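In: What shape does this take:
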Amino acid sequence: MKLSHKLVMVSAAVLMGVSPVLGMAENTVSVQAATKSTNGVHNTYGKNSKVKVTKTMKFVDRNGKKTSKTAPKGGSYTIWNVKNINGQVYYSIQTDLKYWIPATATEGTVTYKSGNTTYTLKSDGKKVTTSTSTKKAVKKTNSNKNTKKVVKESTKKTATKTTKKSNSEKTTKKTSSKKTPVAKAVKITTKNKAYVYDKNGKRVKNYLGTSYIGKKITVKGLGTKTINGVKYYALQPNHYYIKASDVTVK
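Out: Just a heads-up that it's a prediction; the model follows:
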């Protein structure tokens with residue numbers, strides 16, 4: 001009887017030691033599944049992206065088909081993903097990508113990053129305004145004693161040459177060092193479906209996961225540029241443009 005009692009106690013201890021490990025394994029799998037993404041879907045900053053529904057409607061799936069789940073007016077949701085469906089921007093309220101709602105039916109701000117560009121989408125229940133910011137990569141270089149010597153010698157030579165320059169050369173330098181004025185941003189709204197082009201006037205396929213912007217969508221125009229005789233507004237200078245004839249300016 002004493003031997004049987006010991007065996008029972010050992011078996012219970014082993015089971016208690018194993019069960020927490022199994023629980024940790026299950027949690028790890030669920031986190032990995034939540035971070036997966038699909039083509040054309042952009043992950044947001046999660047809890048920093050929240051919206052409120054402005055009218056009662058049905059959620060749709062990732063293909064734009066209505067589901068049985070209802071989004072009530074006034075309901076608040078955290079947005080986890082952004083995707084273009086049939087030329088319109090949609091938000092996903094779950095990480096499993098099952099339920100989506102059009103951005104134009106919400107109020108709030110959603111932010112996500114693609115490459116070095118951060119996109120901020122603001123909706124007011126009628127239209128969506130998109131703004132972008134690009135962070136330039138800074139290259140770090142290692143320095144050593146020899147490099148420092150070369151820099152010091154170059155600095156001395158440059159200082160000597162600068163001392164010998166005439167007043168007219170100094171004036172020319174000041175004139176040429178003026179900063180180029182930055183174009184003032186304006187709000188532009190698409191008349192109908194409007195295609196997006198690159199800096200050479202060719203259509204792109206990867207602007208927010210699509211090649212065009214839907215009807216009545218408001219974005220920021222960051223200056224104008226003429227490409228092959230056609231006027232364009234810059235969505236992101238040197239990268240994305242939209243024809244001036246396809247939009248109205250507010």
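
In: and Ile213, what does it touch?
Out: Gly87, Thr190, Lys193, Ala194, Val196, Tyr207, Val219, Ile242 (C-beta atoms under 8 Å, 6 or more residues apart in numbering). (C-beta placed from N, C-alpha, C; glycine too.)

In: From those residues, list the buried ones, please.
Out: Neighbour-count burial (16 or more other C-beta atoms under 10 Å) is assigned, among the contacts of Ile213, to Gly87, Thr190, Ala194, Val196, Tyr207, Val219, Ile242.

In: Let me know the secondary structure of Ile47.
Out: Slight slip there: residue 47 is Lys, not Ile. The assignment at Lys47 comes out as helix when based on DSSP: H, G, I helix; E, B strand; the rest coil.

In: can you pull the pLDDT of it?
Out: On the pLDDT scale, Lys47 is placed at 70.

In: how much space is there between it and Val128?
Out: Distance of Lys47 to Val128, given as C-beta to C-beta, to the nearest Å: 20 Å.

In: again with Lys199
Out: The gap separating Lys199 from Val128 is 24 Å, by C-beta to C-beta.

In: mind checking the end-to-end distance for stretch 66-75?
Out: 18 Å (C-alpha to C-alpha, to the nearest Å).

In: Over to stretch 237-250?
Out: 20 Å.

In: what's that stretch in contact with?
Out: 183, 186-192, 194-199, 201, 204, 207, 213, 218-219, 221-225, 227, 230-235.

In: I'd like the average pLDDT over it.
Out: When pLDDT is averaged along stretch 237-250, the result is 92.

In: which parts of it are buried?
Out: Buried, per 16+ other C-beta under 10 Å, within stretch 237-250: Tyr240, Tyr241, Ile242, Lys243, Ala244, Asp246, Val247.

In: Of all the residues in stretch 193-206, which ones are buried?
Out: So stretch 193-206, judged by 16+ other C-beta under 10 Å, has buried residues Ala194, Val196, Tyr197.

In: Considering those residues, which is situated nearest to Thr111?
Out: Using C-beta to C-beta, Val196 comes nearest to Thr111 of the buried residues of stretch 193-206, at 20.3 Å.

In: The nearest residue in space to the closest one that is not next to it in sequence bridge partners, please.
Out: Of all residues not flanking Val196 in the chain, Tyr207 sits nearest, at 4.2 Å (C-beta to C-beta, 6 or more residues apart in numbering). Counting by DSSP bridges, Tyr207 is bridged to Thr210.
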